[in-house]
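Q: How does the following fold in three dimensions:
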Amino acid sequence: MENTQTTDTSLGLLTGKVAFVTGAGRGIGAAAARLFAREGARVLLAARTESQLKAVTEQIRAAGGTADHVVCDLADAQSVRAAVDRTVELYGRLDVAFNNGATIQPPGPMDQLPEAEFDHVYAVNLKGVWLAMVAEVAAIRATAGTGAIVNNSSIGSLRGNPELPAYGAMKRAVNSLTESAAVTYGPEGIRVNAIAPGNTLTEMIRTWEERAPGLQDRLTALTPLRRAADPGEIAEAAAWLLSDRASFVTGTVLRVDGGARA
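A: Residues are numbered from 1 along each chain as shown. Modelled structure (predicted):
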């Protein structure tokens, strides 16, 4: 069936939409929250650190956008559901969600990773994404009816990852959840995609660099564009996938990596 929908390109990418963003206190999540608001969305920012959330929310409001925040621990099922529910309480609906929040593991071989660290990476980077997706689908169904979800993966999920084996494994599982959800919810008009960023100048990468000196130089050498991404560049890809401009895109894992996996 032909889609006769037209999009007014004079409006923002997300005009009229309500957006929920996890990991929104810093890095890619904060950049996404600011961008989504500039593109016309009303945004609820979620993360663990209230001071960071408050600062980004105030930046958005100062720029004329609409935003609020909620403290959310992705490893806590009740906290995740409450955060998504808060979006509907505040704005009356949910249209789009960016599941960006994640944690890093200490870099090194898999046999040297403590079990507690593995469990934490699983709880936040995989189970937390699953919990959020389930709550988001329910909220979209109950309010907007149709919508879109983007999960933040990593190019570290696309092949063997000896330095970050647990992180890579959870992100690869996120790719699978993304594809399964796209097939499951596509018939009712809910699109689900993922982005796979390459080297991006975030606090997570800087922490990794401290533990693995020379990391940035190695990653830059492997990137055809010969630089790292700004978090805002990654956010742009998420905004497009969440927008009606990507209306026939679902079930994809979009590399945003400066050509590193080409």
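
Q: Return the set of buried residues in the lowest-mean-pLDDT helix or strand in the chain.
A: Lowest by mean pLDDT, DSSP states H and E among the helices and strands of the chain is helix 203-211, with a mean of 79. Neighbour counts over helix 203-211 (16 or more other C-beta atoms under 10 Å) mark 204-205, 208 as buried. Placement of C-beta: from N, CA and C, glycine included.

Q: Ok, stretch 176-183 next?
A: 177-179, 181-182.

Q: Three-state assignment for Gly145, please.
A: coil (DSSP: H, G, I helix; E, B strand; the rest coil).

Q: Could you find the closest non-adjacent residue to it?
A: Closest residue to Gly145 apart from its sequence neighbours, by C-beta to C-beta, 6 or more residues apart in numbering: Gly189 at 7.0 Å.

Q: Ala144 is in contact with that neighbour, correct?
A: No - at 9.4 Å, Gly189 does not count as touching Ala144 under the criterion of C-beta atoms under 8 Å.

Q: Of the two, which one has the most company?
A: Higher neighbour count among Gly189 and Ala144: Ala144, with 19 against 15, using other C-beta atoms under 10 Å.

Q: Quick check, pLDDT for that one.
A: As predicted, Ala144 sits at a pLDDT of 98.

Q: and the buried residues of stretch 176-183 as a markdown table, adding secondary structure?
A: Shown next, in a markdown table, are the buried residues of stretch 176-183 (three-state DSSP):
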| residue | secondary structure |
| --- | --- |
| Leu177 | helix |
| Thr178 | helix |
| Glu179 | helix |
| Ala181 | helix |
| Ala182 | helix |
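
Q: Columns distance to Gln59 on top of those, output as TSV?
A: Formatted as TSV, the buried residues of stretch 176-183 follow (distance: C-beta to C-beta, whole Å):
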residue	distance to Gln59
Leu177	31
Thr178	29
Glu179	34
Ala181	31
Ala182	33
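
Q: distance of the residue most central in space within the chain from Ala260?
A: Nearest to the geometric centre of the chain sits Asn100, at 2.6 Å (C-alpha atoms, centre = their mean). According to C-beta to C-beta, to the nearest Å, Asn100 and Ala260 sit 20 Å apart.

Q: tilt between the longest strand along the chain and helix 203-211?
A: The residue-count maximum for a strand in the chain (DSSP state E) belongs to strand 190-197. Strand 190-197 and helix 203-211 are oriented at 30 degrees to each other (axes from the mean of the first three to the mean of the last three C-alpha atoms, to 10 degrees).

Q: residues touching the residue lying closest to Arg93 once chain neighbours are set aside, list them.
A: Distances taken as C-beta to C-beta, 6+ apart put Thr143 closest to Arg93, at 3.7 Å, once the chain neighbours are dropped. Contacts for Thr143 were tallied using C-beta atoms under 8 Å, 6 or more residues apart in numbering; they are 88, 92-94.

Q: Please report how far Thr143 lies from Phe98.
A: To Phe98, Thr143 is 17 Å away according to C-beta to C-beta.

Q: What of Ala139?
A: Using C-beta to C-beta, one gets 14 Å for the distance from Ala139 to Phe98.

Q: In terms of neighbours, single out the busier of those two.
A: Taking other C-beta under 10 Å, Ala139 and Phe98 do not tie; Phe98 has more neighbours (30 against 22).

Q: okay, the buried residues of helix 203-211 in CSV with distance to Ala63 next?
A: Formatted as CSV, the buried residues of helix 203-211 follow (distance: C-beta to C-beta, whole Å):
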residue, distance to Ala63
Met204, 25
Ile205, 26
Trp208, 31
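
Q: So which of those is the closest to Ala228?
A: Taking C-beta to C-beta as the measure, Ala228 lies nearest Ile205 of the buried residues of helix 203-211, at 7.5 Å.

Q: Quick check: that closest one touching Pro197?
A: No - using C-beta under 8 Å, Ile205 is not in contact with Pro197, being 9.8 Å away.

Q: Where does pLDDT dip in the stretch 101-250 of the chain?
A: Applying pLDDT under 70 to the stretch 101-250 of the chain picks out no residues at all.

Q: how does it look with 80?
A: Scanning the stretch 101-250 of the chain for pLDDT under 80 picks out the ranges 204-206, 208-209, 211-212.

Q: Appreciated, that's everything.
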